[in-house]
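Asks: missing the sequence, but the structure's below:
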């Protein structure tokens, strides 16, 4: 379920990237960006943090998590603060090295936690009743 929720969220995030890119290219008069433009990469990183951070701090559910009746919360069951969301987001970089191992860890973890769950003190919990 977590993988499906991630796929839903990535589709939304890609659409958001397209919109941001349209605004940037339009603001540049239609001019292309040079490959490896640092500020554009930083902009997409900030947009990604804002996307996940807002959803995690406002109900704990992105659209993908909501569709699969999951919620991100602190290990004590409380909602995430922006600080918690930023720590979780930064810790999620463990998913990149070695590729996928931080995510696949949940398959052998006793609490089905990924590395970024453990590092940030958060968890993905099932929602037993509809929240919408």
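Replies: Everything's here; your move. Keep in mind that this is a model prediction, so the values were computed, not measured. Numbering: from 1, shown residues only.

Asks: which of the residues in whichever helix in the chain runs longest are buried?
Replies: The longest helix of the chain (DSSP state H) is helix 2-27. Neighbour-count burial for helix 2-27 flags 5, 6, 8, 9, 13, 24 (criterion: 16 or more other CB atoms under 10 Å). (Each C-beta comes from the backbone N, C-alpha and C, glycine too.)

Asks: In terms of secondary structure, what does it contact?
Replies: helix 38-57, helix 63-67 (3 or more CB pairs under 8 Å, 6 or more residues apart in numbering; DSSP states H and E).

Asks: relative to helix 2-27, how tilted is the first one?
Replies: This means helix 38-57. Helix 38-57 and helix 2-27 are oriented at 140 degrees to each other (axes from the mean of the first three to the mean of the last three CA atoms, to 10 degrees).

Asks: Identify the residue spatially nearest to the most centrally placed residue in the chain, adjacent ones excluded.
Replies: Note on the chain: the residue nearest the mean C-alpha position is residue 52, at 4.5 Å, using CA atoms, centre = their mean. Take residue 52 and drop its neighbours on the chain: the residue closest to it by CB to CB, 6 or more residues apart in numbering is residue 89, 5.8 Å away.
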